[in-house]
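Trainee: how does the following fold in three dimensions:
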Amino acid sequence: MAYITGIALFALAILISVSLHEFGHMLTAKAFGMKVTRYFVGFGPTLWSFRKGETEYGVKGVPLGGFVKIVGMTPLEEEEEELDEKDRKRVFWRKPLWQRTVVLAAGSATHFVLGFVVLWILVAFVGIGQNPAWAEAATQAQEDVAVEVAPCVETSDPATGTAGSCPEGQIAGPAASAGIENGDEITAIGGTPVEDWDALLAAVSDLTPGQPVAVTVDHAGTEKTVEVVPYAAEVENADGSVETAARLGVYVYVDPSIPYTAAGAGPIDGIGETVTYTGDMFRETFIALGQLPSKIPPLWDAIMGEERADDTPVSVVGASRLGGEMVQYDQWAMFFMLLVVLNYFIGVFNLLPLLPMDGGHIAIAWYERFRSWVAAKRGRPDPGRVDYLKLMPLTYAVIVVLGGFMLLTITADIVNPITIFN
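Mentor: Residues are numbered from 1 along each chain as shown. Here you go, the predicted model:
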């Protein structure tokens, strides 16, 4: 039930984000005296609406986004409207360039503001990122070779251990079975001294699954030697190949009283940290946008049944499913962080200089101004507005490409979704 609730909550959060996007357009348009006739949440048949002044507000039957109607987005559109002389002065394209730019950019600005506010709340009052004290303790544990023992481990060869009370497919952790406890410091393996974590890894790599080895540990100041039977584990190499290796079932030990996640930075210090995180996220967003074309083959492979790569894009469907998982496992900070990342990405993507995105309209508006400036410098007549009809083929091409990519990601998210905890 928590999973379904999480999906619904994340989908609702996305709908609110998109609605605020359109609200940003409407608010700035009205502030500049432009004529706004409609503001709706959703698409399709109207479920409910009311009129206040010259604007109709309402909710549509399909909760997938929203829209705002600003009269005269192009000269062609103005010609299709029945407007009196007073309203003709209020149409969008007749307004100063800077006002049109503000209105067009206001949608993305709402995503940036929403993302920043949510991120600031997380940084200031909840805490995100790794706790420096935890990192310091982990580093010290590696130097001391302090270990945490696994009660159960997955193995490729059950004969190298005993199942005990472990789930099917697992065996009792060798180190735990031998009496090694959390916080013990391994000082020698097979009689060879172990000085740090790298030395431990090197010593373990020389062991053979199923063959006992003497392990010396320091337990609260008392040294003892126990016999440990390494188990067989499947290990993936850097090149993607898999091999069987010996393992003891130990990990770096960090005092459980030290939280992994950093504490809230406070409302003032949190502002600076939020700015830093935002800069990092914008940088990662631009990198992700540049990599989108290269992600198409992995998405197709995932649909065809191959393993889904964690760095492949997700659709609204996939993001909502991830949100459901986060709620299911009570990871609310991750839930809201995903919402922050999504808002930053949508805000940047919408500013790309391609129609029908807002960035495309901004690019055309500034191109018109530049073209008029060049004509004036050369003593030529103003070439006027760009003919949007001539841009329709390019616009439709962008829509087809984006629609195809969206269909691809939705399909992958349905047949082979990315999961975090499963």
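Trainee: separation between residue 173 and residue 112?
Mentor: Noted for residue 173: a distance of 48 Å to residue 112, by Cβ to Cβ, to the nearest Å. Any C-beta I mention is one placed from the backbone N, CA and C, and that applies to glycine too.
Trainee: neighbour count: these two, which is higher?
Mentor: More crowded of residue 173 and residue 112, by other Cβ atoms under 10 Å: residue 173, with 23 against 18.
Trainee: residue contacts, that one?
Mentor: 149-153, 249-250 (Cβ atoms under 8 Å, 6 or more residues apart in numbering).
Trainee: next: residue 107.
Mentor: Residue 107 neighbours (Cβ under 8 Å, 6+ apart): 21-22, 24-25, 350, 358.
Trainee: for the stretch 301-422 of the chain, give me the ranges with low pLDDT.
Mentor: The model of the stretch 301-422 of the chain has pLDDT under 70 over residues 422.
Trainee: the stretch 1-150 of the chain: helices as residue ranges?
Mentor: 2-31, 75-80, 85-88, 97-121, 132-144 (DSSP state H, counting those that start in this stretch).
Trainee: and the fourth one, how far out from the chain's middle?
Mentor: Centre-to-centre, helix 97-121 and its host chain are 19 Å apart (Cα atoms, centre = their mean, to the nearest Å).
Trainee: in it, what's buried?
Mentor: For helix 97-121, the buried set under the neighbour-count rule, 16 or more other Cβ atoms under 10 Å, comprises 99-112, 114-116, 118-121.
Trainee: report the angle between it and helix 2-31.
Mentor: With axes from the mean of the first three to the mean of the last three Cα atoms, to 10 degrees as the basis, helix 97-121 and helix 2-31 are set at 150 degrees to each other.
Trainee: neighbours of the nearest residue to residue 91 once chain neighbours are set aside, how many?
Mentor: Counting by Cβ to Cβ, 6 or more residues apart in numbering, residue 72 is the residue found nearest to residue 91 once chain neighbours are left out, at 2.6 Å. Other residues lying near residue 72 total 22 when counted by other Cβ under 10 Å.
Trainee: what does residue 280 give?
Mentor: Residues near residue 280, counting by other Cβ under 10 Å: 10.
Trainee: confirm it sits in a strand?
Mentor: No: under DSSP: H, G, I helix; E, B strand; the rest coil, residue 280 sits outside any strand and is assigned helix.
Trainee: tell me the contacts of it?
Mentor: Applying Cβ under 8 Å, 6+ apart, no residues contact residue 280.
Trainee: sort out which one of the contacts of residue 107 lies nearest residue 139 for me.
Mentor: residue 350 (42.3 Å; Cβ to Cβ).
Trainee: unless I'm mixing things up, that closest one is touching residue 356, no?
Mentor: No: applying Cβ atoms under 8 Å, one finds residue 350 not in contact with residue 356, separated by 10.1 Å.
Trainee: who has more neighbours, the two?
Mentor: residue 350 (17 against 13).
Trainee: over to that one: give its phi and psi.
Mentor: With angles defined as degrees, to the nearest 10, residue 350 sits at phi -70, psi -20.
Trainee: residues near residue 411, how many?
Mentor: 16.
Trainee: and it, how far from residue 303?
Mentor: Distance from residue 411 to residue 303, by Cβ to Cβ: 5 Å.
Trainee: helix or strand for the closest residue in space to residue 179 that isn't next to it in sequence, which one?
Mentor: Spatial nearest neighbour of residue 179, chain neighbours left out: residue 226 (5.4 Å); criterion: Cβ to Cβ, 6+ apart. Assigned by DSSP states H and E, residue 226 belongs to strand 222-228.
Trainee: what average pLDDT does that strand get?
Mentor: Across strand 222-228, the average pLDDT comes to 89.
Trainee: was I right about residue 91 contacting residue 37?
Mentor: No: counting by Cβ under 8 Å, residue 37 is not a contact partner of residue 91; they are 11.2 Å apart.
Trainee: need the overlap of contacts for those two.
Mentor: With Cβ under 8 Å, 6+ apart as the test, residue 91 and residue 37 both reach residue 71.
Trainee: of those two, which one has the most company?
Mentor: Between residue 91 and residue 37, residue 91 has the larger neighbour count (other Cβ under 10 Å), namely 20 against 13.
Trainee: now that one: how far from residue 122?
Mentor: 42 Å.
Trainee: swap in residue 282?
Mentor: 17 Å.
Trainee: who has more neighbours, the two?
Mentor: The residue with more neighbours, out of residue 282 and residue 122, is residue 122; 24 against 15, by other Cβ under 10 Å.
Trainee: ok, and the closest non-adjacent residue to that one?
Mentor: residue 128 (5.2 Å).
Trainee: can you give me the neighbour number for the one you found?
Mentor: Neighbour number of residue 128 under other Cβ under 10 Å is 19.
Trainee: before we move on, what about residue 200?
Mentor: Counted by other Cβ under 10 Å, the residues lying close to residue 200 total 21.
Trainee: do I have it right that it meets residue 186?
Mentor: Yes: at 6.0 Å, residue 200 and residue 186 qualify as touching, with contact defined as Cβ under 8 Å.
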